[in-house]
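Student: mind folding the following:
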Amino acid sequence: MILFCEYAIPEEHRSAFLEWAAADPARWEGAELAENVAQPGVFVELRKASDEAEAARITKERRDGRSWAEMEKWVKGGREGLRIWTFRPVI
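Tutor: Numbers count the residues shown, from 1 in each chain. Coordinates of the predicted model:
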């Protein structure tokens, strides 16, 4: 299963967000953080989960955990600006 977390960081906060993200690489362990080439400031996190229970735990951390509380101030739309989808393989 893959969790896809997407959010936008306005240009005026992009540098601060990137500095914060780079300051603690352990925060991103098990995740790939990427920025949209065509739409700078749109970020995605790709995280793998072994099953739906693990996906639910990761989703909860992203919505309520320490890392979200720290980064919410930069996200366009605040808490409502975080979108998370869980995908399961079909083939």
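Student: what ranges does this structure have for its helices?
Tutor: Taking DSSP state H, the helices of the chain run over residues 11-23, 52-64, 66-71.
Student: going by mean pLDDT, which of those helices comes out lowest?
Tutor: Lowest mean pLDDT within the helices of the chain: helix 66-71, at a mean of 79.
Student: contacts for that helix next, please.
Tutor: Counting contacts by C-beta atoms under 8 Å, 6 or more residues apart in numbering, the residues outside helix 66-71 that touch it are 17, 20, 27, 61-62, 79, 82. All C-beta atoms are positioned from the backbone trio N, CA, C, and that covers glycine.
Student: between these, which sits nearest Glu6?
Tutor: Within these, the smallest distance to Glu6 is 7.8 Å, found for Leu82 (C-beta to C-beta).
Student: contact partners for Trp85?
Tutor: Contacts for Trp85 were tallied using C-beta under 8 Å, 6+ apart; they are 3-4, 6.
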